[in-house]
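K.L.:
below: sequence and its predicted model.
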Number of protein chains: 2
Amino acid sequence: MAGQENIINRLTLDRLMQYYHWITENLDPKTEATVSSSQLAKQLTLDDSQIRKDLAVIGVKGQRHVGFDIQEVIVSIRQLLGLSKSHPAVVLGAGRLGGAISSYNGFVSYGLNIVALFDNDPAKIGLMIGGHVVQPLDHLESVIKQSNVLLGILAVPDHAAQESADRVVAAGIRVIWNFSPAHLRLPEDIFVRHERLFVALAQLFYHLNRIDIPNG
Amino acid sequence: MAGQENIINRLTLDRLMQYYHWITENLDPKTEATVSSSQLAKQLTLDDSQIRKDLAVIGVKGQRHVGFDIQEVIVSIRQLLGLSKSHPAVVLGAGRLGGAISSYNGFVSYGLNIVALFDNDPAKIGLMIGGHVVQPLDHLESVIKQSNVLLGILAVPDHAAQESADRVVAAGIRVIWNFSPAHLRLPEDIFVRHERLFVALAQLFYHLNRIDIPNG
DNA sequence: TAGATTGTTAATCGATTAACAATC
DNA sequence: TAGATTGTTAATCGATTAACAATC
């Protein structure tokens, strides 16, 4: 009874992040105190029941006739995800994508803290990218240990992905954000989120092809 | 009966793209002629029925006792998505992310053809990024018309996203790949794929927090 | 008060997985 | 042939949406 723990699923977590983002970007707690599920639903093109359910999952209670307290929603999501904490991470691959990830302020504002950026290309080592000096991969293990890093971000080429993943896991990484197209094979207890940007092309091209021939 | 058209859904399209990628990266049609659904399923951690169903959707027939002809699978997916065609696209936003998208060879190899990269920052205009000269937004409409561009890629800051989207749509864009966190409001007939990278942080942090306190 | 909104259950929808006959 | 594999239907699972009593 006590150890019963509900793992919140991916879709719910993604939506909660969207709620948080929209509220903090668009509502001013000084002028508005509450937000209703139908208001949020309209803005994000979602069903209002969905929003009430998601908020119920994390224990946020609304007030009938009024809506949800903005501050309570913000604080609850922030606590659930630890958005006020600093989450140290390492980035592997100092190409354009790795550089973009390392220097994107949108991530920083949520608490992502890139502590180091690695590459094995001697030409890149020593370069300054988004406030980070590119370091050789030799330093990987010591940096991970020293900063207690648990999150690894892979922005390496396809062929280097599995090897990079194995190496960061061996060094103590427990969560991986994989931007490479490769399907990684890792121990069960390592959590991996695949970004797989290239698969989007399937949907984009499919829709483009259907537009090209509008004589149906 | 004739006009009956099955729209293939997002999940199926994404998986087909994964099949295509894995097969072309890992199998050599010279040495192996077929691949079985269970083989693919094992490699991609999917259910084998799923794969047979997806291939049935696009009309690929396997051979009982043997599997699916690799060439047939490749050709069918390539034709469905038009992976051999060139798909012209414009990128808005020449920051690090826009630059990464514009210069990523993985996309080019599938037929994505970035014809222009735009920014409104005078300091960036004229710069060469991944083989593209950064152009001022003034050129947007003429480039879209001249090259018959139907695909727009948004890599602009949150606050500029809606305005950028409206502008490319007005110029003739029909499909949008949105990398900004903003929720875009656009006409029904415009297809939008949201990438929303920041929502991934919710899941990553949630899992990190659960690791931090392993005394459950 | 009347109207608006939550909280929650039930209904629906859709996607995934299991199962197995067909068959090479 | 026996074993392997497809093709497809049925079963299951899970997520979304509808509905509405509770109520401020």
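P.N.:
That came through fine. Residues are numbered from 1 along each chain as shown, chains lettered A, B, ... in the order given.
K.L.:
strand partners of the longest strand that chain A contains, parallel vs antiparallel please.
P.N.:
Of all segments of type strand in chain A, defined using DSSP state E, the longest is strand A:112-119. Strand pairing for strand A:112-119, using DSSP bridges, gives strand A:87-92 (parallel), strand A:132-136 (parallel).
K.L.:
roughly how far is whichever helix or strand comes after it from the heart of the chain?
P.N.:
Helices and strands here follow DSSP states H and E; after strand A:112-119, the next one along the chain is strand A:128-129. Computed by CA atoms, centre = their mean, to the nearest Å, the chain-centroid distance of strand A:128-129 equals 22 Å.
K.L.:
again, but for stretch A:154-167
P.N.:
19 Å.
K.L.:
what does stretch A:116-126 give?
P.N.:
That offset, for stretch A:116-126, works out to 24 Å (CA atoms, centre = their mean).
K.L.:
now A:Lys85: how far from DNA strand C?
P.N.:
27 Å (CB to the nearest atom of the strand, to the nearest Å). The way it works is simple: take the backbone N, C-alpha and C, and place the C-beta from them, glycine included.
K.L.:
and that residue, which of the three is it?
P.N.:
coil (DSSP: H, G, I helix; E, B strand; the rest coil).
K.L.:
quick one on the thing from earlier: need the winner for burial among the strands paired with strand A:112-119.
P.N.:
Stretch with highest mean neighbour count among these: strand A:87-92 (a mean of 25; mean count of other CB atoms under 10 Å in any protein chain shown).
K.L.:
any chance you could give me it in PDB, C-alpha atoms only?
P.N.:
The C-alpha trace of strand A:87-92 is given here as PDB (Å, rounded to 0.1, in the frame of the first residue of the first chain):
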ATOM      1  CA  HIS A  87      20.200  19.200 -13.800                       C
ATOM      2  CA  PRO A  88      23.800  18.700 -14.800                       C
ATOM      3  CA  ALA A  89      24.300  17.100 -18.200                       C
ATOM      4  CA  VAL A  90      27.100  16.300 -20.700                       C
ATOM      5  CA  VAL A  91      26.800  16.700 -24.400                       C
ATOM      6  CA  LEU A  92      28.600  14.300 -26.800                       C
END
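K.L.:
contacts for that strand, please.
P.N.:
A:98, A:101-102, A:111-119, A:132, A:137, A:140, A:143-144, A:147-156, A:164, A:168, A:173, A:177, B:204-205, B:208 (CB atoms under 8 Å, 6 or more residues apart in numbering or on different chains).
K.L.:
among those, name the ones in strands.
P.N.:
A:112-119, A:132, A:151-154, A:177.
K.L.:
just the buried ones from the residues you listed?
P.N.:
For the ones in strands among the contacts of strand A:87-92, a neighbour count by 16 or more other CB atoms under 10 Å in any protein chain shown gives the buried set as A:112, A:114-119, A:132, A:151-154, A:177.
K.L.:
quick check: closest non-adjacent residue to A:Ala165.
P.N.:
A:Leu184 (4.8 Å; CB to CB, 6 or more residues apart in numbering or on different chains).
K.L.:
ok, that neighbour - contacts?
P.N.:
A:Ala161, A:Gln162, A:Ala165, A:Ile176, A:Asn178, A:Val192, A:His194.
K.L.:
buried ones only from those, please, as a PyMOL command.
P.N.:
Filtering the contacts of A:Leu184 down to the buried ones (16+ other CB under 10 Å) takes a single PyMOL command:
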select buried, chain A and resi 161+162+165+176+178+192+194
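K.L.:
wasn't A:His65 part of a strand?
P.N.:
No. Going by three-state DSSP, the assignment for A:His65 is coil, not a strand.
K.L.:
and it, how far from chain B?
P.N.:
27 Å (CB to the nearest CB, to the nearest Å).
K.L.:
what is the neighbour count of that residue?
P.N.:
Here the number of neighbours of A:His65 (other CB atoms under 10 Å in any protein chain shown) works out to 6.
K.L.:
now do the contacts for the residue lying closest to A:Leu154 once chain neighbours are set aside.
P.N.:
What sits nearest to A:Leu154 in space, not counting adjacent residues and going by CB to CB, 6+ apart, is A:Asn178, at 4.8 Å. Neighbouring residues of A:Asn178 by CB under 8 Å, 6+ apart: A:Leu154, A:Ala161, A:Ala165, A:Leu184, A:Val192, A:Arg193, A:His194, A:Glu195, A:Arg196.
K.L.:
wait, a helix at the fourth one?
P.N.:
What that stands for is A:Leu184. No. Judged by three-state DSSP, A:Leu184 forms no part of a helix; its state is coil.
K.L.:
ok, now how distant is it from A:Leu208?
P.N.:
Counting by CB to CB, to the nearest Å, the separation of A:Leu184 from A:Leu208 is 30 Å.
K.L.:
go on, the first one?
P.N.:
Taken as CB to CB, the spacing of A:Leu154 relative to A:Leu208 amounts to 29 Å.
K.L.:
again with the third one
P.N.:
A:Ala165 is 33 Å from A:Leu208, where distance means CB to CB.
K.L.:
and the spatially closest residue to A:Arg10 that is not a sequence neighbour, what does it touch?
P.N.:
Leaving aside its chain neighbours, A:Arg10 sits nearest to B:Gln203 (5.6 Å; criterion: CB to CB, 6+ apart). Counting by CB under 8 Å, 6+ apart, B:Gln203 touches A:Arg10, A:Leu13, A:Asp14, A:Arg193.
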